[in-house]
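Trainee: Structure for this input, please:
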Amino acid sequence: MQKNIEILLTKENLEPSELSMLLEFRKEGKADFTLIDVREPSEVENGYIKGADMFCPTSLFAQHMSDLEAKKEDRLVFYCRSGNRTMQVKSFLKEHGFKNISHLVGGMTDYMGEVTQD
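Mentor: Numbering: from 1, shown residues only. Next up is the predicted model:
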């Protein structure tokens, strides 16, 4: 089981079902990662993935770089509405030396797991 978790944590492109599994594993203390929503505030108001740790809107991404730098060695999982913005974020961060980056393929559009609102 731990081997499967490790494999999931090294994937750059996570399917929605894989993220749901990772979130369950994290609840059980078996996986460690930071889940980051890069959608804009107006999108987040409509709901976000339960378990999201940070909100870094793409339009304000530069303002969050110091927070992300502090997590540079951690596994970071990004998501947006459809997956397009997170692909851009992933490329940008790789250019800046980040190595442990994943993104949710299909974003919120394809995610069928638990979503919450404040």
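
Trainee: what's next to stretch 101-111, contact-wise?
Mentor: For stretch 101-111, the surrounding residues in contact (C-beta atoms under 8 Å, 6 or more residues apart in numbering) are 9, 11-16, 19-20, 33, 39, 43, 47-49, 75-84, 86-87, 89-90, 93-94, 115. In this view, the C-beta of every residue, glycine as well, is placed from N, C-alpha and C.

Trainee: Restricted to helices, list these.
Mentor: Those of the contacts of stretch 101-111 mapping onto helices are 9, 16, 19-20, 43, 84, 86-87, 89-90, 93-94, per DSSP state H.

Trainee: my guess is residue 29 is in a helix, correct?
Mentor: No: counting by DSSP: H, G, I helix; E, B strand; the rest coil, residue 29 is located in no helix; its state is coil.

Trainee: Distance of it relative to residue 47?
Mentor: 26 Å (C-beta to C-beta, to the nearest Å).

Trainee: In contact with the closest residue in space to residue 51 that isn't next to it in sequence, which residues?
Mentor: Nearest residue to residue 51, sequence neighbours excluded (C-beta to C-beta, 6 or more residues apart in numbering): residue 23, at 4.7 Å. Shown in contact with residue 23 (C-beta under 8 Å, 6+ apart): 35, 49-51, 113-114.

Trainee: can you give me phi and psi for residue 23?
Mentor: Residue 23 has phi and psi values of phi -60, psi -40 when expressed as degrees, to the nearest 10.
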